[in-house]
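>>> what's the 3D shape of this:
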Amino acid sequence: RNKTHKQKDQNGDEIIIEGADLRPSVGCIRESTETNTHITAPPAIVAIGLMYLRTNNNAIANKLKIPNSFFLLDTIRPDHMLLMTTSRALVLWDSIEPTTEWITQCLPPILAADIPPLSSESQKETYFLSKLFIQVGACLALGLRYAGTANTSASECIFFFI
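Numbering: from 1, shown residues only. From the prediction side, this is the model:
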């Protein structure tokens, strides 16, 4: 697949690149033989949450559980953690409680404790982003669970995290 590609350099001058297509295929679901999970994972996570909505199915909920190690946390994008947390809560609908304790229970133990000794900037970023996005996912689930109920405990809990 040889193509001619026009691009601007740092000075704004147009350059022509001939040969293989060098543009990244960011919007492609299939890239060669691999699936681009950055595109396919979010709707799949939401679909699982909606398919098993209010079933309290622990087997499915465990598949959406956030891992409990920095190594594994670093392999999952924070926005995926948000969706995993929300979807897991939707599956375990009856367990959602309008308390800050419930939101803290959504965190894996490695994130629920006080800040552990972190050896690198990368670990610090993983810790803070993971914790933030999981809490946001739990708040979203809480808001969905108590939408339209005017539950003051639920609104106070969500405002606590804002």
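>>> hmm, Ala112 and Gln135 touching each other?
No: taking Cβ atoms under 8 Å as the definition, Gln135 is not a contact partner of Ala112, at 10.5 Å. Placement of C-beta: from N, CA and C, glycine included.
>>> more neighbours: which of those two?
It is Gln135, of Gln135 and Ala112, that has more neighbours when counted by other Cβ atoms under 10 Å, with 20 against 13.
>>> where does the more buried one sit, in terms of helix or strand?
helix 121-145 (DSSP states H and E).
>>> what angle do the following helix or strand past that helix and helix 121-145 make?
Toward the C-terminal end, the helix or strand that comes next after helix 121-145 (DSSP H and E) is helix 152-161. Here the directions of helix 152-161 and helix 121-145 differ by 160 degrees (axes from the mean of the first three to the mean of the last three Cα atoms, to 10 degrees).
>>> go through helix 152-161 and flag the buried ones.
Neighbour counts over helix 152-161 (16 or more other Cβ atoms under 10 Å) mark Ala154, Cys157, Ile158 as buried.
>>> average pLDDT for that helix?
Here helix 152-161 scores 96 as its mean pLDDT.
>>> show me how far that helix is from its chain's centre.
Its chain's average C-alpha position is 22 Å from that of helix 152-161, according to Cα atoms, centre = their mean, to the nearest Å.
>>> residues contacting Ile110?
By Cβ atoms under 8 Å, 6 or more residues apart in numbering, the contact set of Ile110 is Asn68, Ser69, Phe70, Leu73, Pro116.
>>> most surrounded residue in the residues you listed?
In terms of neighbours by other Cβ under 10 Å, these top out with Leu73 at 22 neighbours.
>>> now do that residue, the pLDDT please.
Leu73 carries a pLDDT value of 91.
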